[in-house]
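**Q** Provided below are the primary sequence and the corresponding predicted coordinates.
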Amino acid sequence: MTFTFHHAAISVRDLEASMNFYGQLGFKEVHRYDAPDESVAIVHLALKDAMLELFCFSNAETSSAATTIEKDLPIVGLKHIALQVDSIRAAQESLSNSGLAQDPVIALGRTGIEYFFIQDPDGLWVEIVQDDRALEVDSE
């Protein structure tokens with residue numbers, strides 16, 4: 001049996017704001033479900049071979065998101081999604097100019113890649129990485 005990654009799911013407060021944010025990062029809507037009673041909308045967004053599933057419930061509850069990634073990482077649970085770019089500096093400039101990020105700081109991670117973090121409209125973390133390590137990944 002072979003497993004392949006299908007999607008990551010997040011719940012959002014404002015579906016249109018989140019779709020706009022992720023759309024600016026290159027995601028495209030590929031499927032949408034709206035419950036007849038308007039209790040939930042579900043949207044699948046695709047970026048090449050990756051898919052993000054957005055849930056927007058009419059009775060959504062907001063948790064207190066950590067204000068920095070350093071405070072968030074020790075808390076058990078899904079931490080962030082990461083998007084790879086060819087040039088971390090070009091991405092930093094582009095996202096700053098577009099208003100999606102306010103002066104993100106590029107860091108060299110302990111795993112050997114350069115990265116910075118931005119937050120989506122609900123405060124969820126999105127990591128932008130430049131990974132030039134040429135890791136071998138078993139494709140079986």
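**A** On my side now, so go ahead.
**Q** what ranges in this protein fall below the confidence cut-off?
**A** Scanning the chain for pLDDT under 70 picks out 63-66, 73-76, 138-140.
**Q** what are the ranges of the strands in it?
**A** 8-11, 28-34, 40-47, 50-57, 80-84, 107-108, 114-119, 125-130 (DSSP state E).
**Q** ok, which of these comes nearest Glu70?
**A** Evaluated over these, closeness to Glu70 peaks at strand 114-119, with 9.9 Å, by C-beta to C-beta. (Each C-beta comes from the backbone N, C-alpha and C, glycine too.)
**Q** neighbouring strands for the closest one, and are they parallel or not?
**A** strand 107-108 (antiparallel), strand 125-130 (antiparallel) (DSSP bridges).
**Q** ok, which of those strands comes nearest Arg89?
**A** Nearest to Arg89, of the strands paired with strand 114-119 and by C-beta to C-beta, is strand 125-130 at 8.4 Å.
**Q** could you give the angle of the closest one to strand 80-84?
**A** Strand 125-130 and strand 80-84 are oriented at 30 degrees to each other (axes from the mean of the first three to the mean of the last three C-alpha atoms, to 10 degrees).
**Q** what residues are up against the residue nearest to Leu124 when sequence neighbours are not counted?
**A** In space, and not counting its chain neighbours, Leu124 is closest to Ile10: 5.9 Å by C-beta to C-beta, 6 or more residues apart in numbering. For Ile10, the contact set (C-beta atoms under 8 Å, 6 or more residues apart in numbering) comprises 18, 52-55, 122, 124.
**Q** same thing with His80?
**A** Contacts of His80 by C-beta under 8 Å, 6+ apart are 69, 117, 124-127.
**Q** and stretch 11-20, what's buried?
**A** Of all the residues in stretch 11-20, those buried under the rule 16 or more other C-beta atoms under 10 Å are 11-12, 15, 18-19.
**Q** how about stretch 127-140?
**A** Result for stretch 127-140 [16+ other C-beta under 10 Å]: buried residues 127-131.
**Q** what domains does the record give for the protein?
**A** 1-60, 69-133 (automatic domain parsing).
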